[in-house]
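Visitor: Structure, please.
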Amino acid sequence: MLTTFYFDQELFDDSALEYPAINNAILESWRNYGCLAVCTENSKNIISAINKVPLKYKQRWITALSSKTFKKTKVRIDNPVLSTLSSIDDFKENYFKNDIITGILPSDYNELFTTRTIDVSNHHLEIINPTNINESINFTTSKDSCEQDIKANEDFSELWCRRFDGLAKHTSIITIIDRYMALNIEYDLNRRKATSLERLIEKLFAYDKKFVIDIYSACDIPNKNINASSIKSYIESTVKKKPYYKDKNFEIRFSLCKDRIFKTKAHDRMMCFDDHVVQIGKGMEIFRSNPIENNTFTIKARRATFFDEAYKELTKNRDWVYR
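Guide: Numbers count the residues shown, from 1 in each chain. The predicted structure follows:
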């Protein structure tokens, strides 16, 4: 869902940044739908260049470059200034290997690129200007992925690629609030089917980095009591024995709370990927081995949801914890 994009210090030479709407469009697209790739060797030049921005916008850019709410990822690029490229093929060769799919180039350099888009390996690479960021194909796709509901019988792998891949690449902590997750894990175990947790970890394994998976679920669904010892045994004897599980890559935390807490304080089912919250109608149900059904679906900035309030209530009302 996140668009990995890039700009260098020359962005701040563009006269369009004198206008509030242009600054707002770039910063809001970044905060809601983007992850800025920052070339380590060039970061000081970008910070210095911010001084060229009108004073009333300067602090917003400084905040964006320092705040965790604006996603960033460090990259190494041999040719870190976009205006030194000669074509979109140069952009592909130098930047796409770092998963960068959108470059923002000052308008003065438009003539450098006779072709400004190219499709590569199911990705759309593009060079855009500050003035047309709202026309970006990649940012538009990211926005659509945040707002469109899930339709019945969607392919799970395609769903993951379109909705979750960009988030997972740039996330370290995934917090799941789903009152029925523990119950469904026990149900799937009895049917000898892969559980939602297993299928999530199998997807995350491909990124070869450390994830903390922090789960909150109900222990006393009406007429169904969850056996905490069976959850513990399942994690240690099943999940951790899977070929795609590595201790260096995963830390699982599992908490059980009373169902009444979910009913009153954490009814909606959510997955929080650091600073983005995914709200799913049927929650982790979409990760189970069953055909996917129609689901409401949104991805929002964490600040725009009640996730923190629900998380706080659950953490102080835990009946059982696995770490």
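Visitor: What ranges in the stretch 101-250 of the chain fall below the confidence cut-off?
Guide: Under the criterion pLDDT under 70, no range of the stretch 101-250 of the chain is flagged.
Visitor: redo that, cut-off 90
Guide: Residues of the stretch 101-250 of the chain meeting the criterion pLDDT under 90: 110-115, 121-122, 222-225, 247.
Visitor: All the strands of it, residue numbers only.
Guide: Remark: strands assigned in the stretch 101-250 of the chain by DSSP state E, counting those that start in this stretch are 102-104, 117-120, 123-128, 173-177, 211-218, 220-221, 224-225, 250-257.
Visitor: Tell me which of those sits nearest to residue 136.
Guide: Across these, residue 136 has its closest neighbour in strand 123-128 (5.2 Å, C-beta to C-beta). Any C-beta I mention is one placed from the backbone N, CA and C, and that applies to glycine too.
Visitor: CA-only coordinates of the closest one in PDB, if you can.
Guide: Extracted in PDB, the C-alpha atoms of strand 123-128 (Å, rounded to 0.1, in the frame of the first residue of the first chain):
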ATOM      1  CA  HIS A 123       5.500  -2.300 -10.900                       C
ATOM      2  CA  HIS A 124       4.900   1.100 -12.500                       C
ATOM      3  CA  LEU A 125       8.000   3.400 -12.400                       C
ATOM      4  CA  GLU A 126       7.400   7.100 -12.800                       C
ATOM      5  CA  ILE A 127       9.000  10.500 -12.700                       C
ATOM      6  CA  ILE A 128       6.700  13.300 -11.500                       C
END
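Visitor: most packed of the strands of the stretch 101-250 of the chain?
Guide: Mean neighbours per residue, mean count of other C-beta atoms under 10 Å, is largest over the strands of the stretch 101-250 of the chain for strand 102-104, with a mean of 24.
Visitor: Given that one, what are its sheet partners and their directions?
Guide: Strand pairing for strand 102-104, determined by DSSP bridges: strand 3-6 (parallel), strand 123-128 (parallel).
Visitor: I'd like those laid out as JSON lines, including distance to residue 64.
Guide: JSON lines is the format used below for the strands paired with strand 102-104 (distance: least, C-beta to C-beta, whole Å):
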{"stretch": "strand 3-6", "distance to residue 64": "13"}
{"stretch": "strand 123-128", "distance to residue 64": "18"}
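Visitor: Among the ones you listed, which comes closest to residue 213?
Guide: Closest approach to residue 213 among the strands paired with strand 102-104 is made by strand 3-6 (23.0 Å; C-beta to C-beta).
Visitor: Show me how far that closest one is from its chain's centre.
Guide: Remark: strand 3-6 is offset 13 Å from the chain centroid, using C-alpha atoms, centre = their mean, to the nearest Å.
Visitor: Buried residues in that strand, which are they?
Guide: Within strand 3-6, the residues that count as buried by 16 or more other C-beta atoms under 10 Å are 3, 4, 5, 6.
Visitor: same question, stretch 93-113
Guide: Within stretch 93-113, the residues that count as buried by 16+ other C-beta under 10 Å are 94-96, 98-106, 109, 112-113.
Visitor: Straight-line length of it, end to end?
Guide: Using C-alpha to C-alpha, to the nearest Å, the end-to-end distance of stretch 93-113 comes to 15 Å.
Visitor: Over to stretch 257-271?
Guide: 17 Å.
Visitor: related to what we said a few turns ago, redo the strands of the stretch 101-250 of the chain as JSON lines? Include distance to residue 22.
Guide: Converted to JSON lines, the strands of the stretch 101-250 of the chain look like this (distance: least, C-beta to C-beta, whole Å):
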{"stretch": "strand 102-104", "distance to residue 22": "11"}
{"stretch": "strand 117-120", "distance to residue 22": "21"}
{"stretch": "strand 123-128", "distance to residue 22": "12"}
{"stretch": "strand 173-177", "distance to residue 22": "33"}
{"stretch": "strand 211-218", "distance to residue 22": "36"}
{"stretch": "strand 220-221", "distance to residue 22": "51"}
{"stretch": "strand 224-225", "distance to residue 22": "54"}
{"stretch": "strand 250-257", "distance to residue 22": "42"}
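Visitor: Of the ones you listed, which is nearest residue 38?
Guide: Using C-beta to C-beta, those put strand 102-104 closest to residue 38, at 13.1 Å.
Visitor: Other residues contacting the closest one?
Guide: The contact list for strand 102-104, computed with C-beta atoms under 8 Å, 6 or more residues apart in numbering, reads 3-7, 11, 26, 82, 91, 95, 125-130, 133, 136, 138-139.
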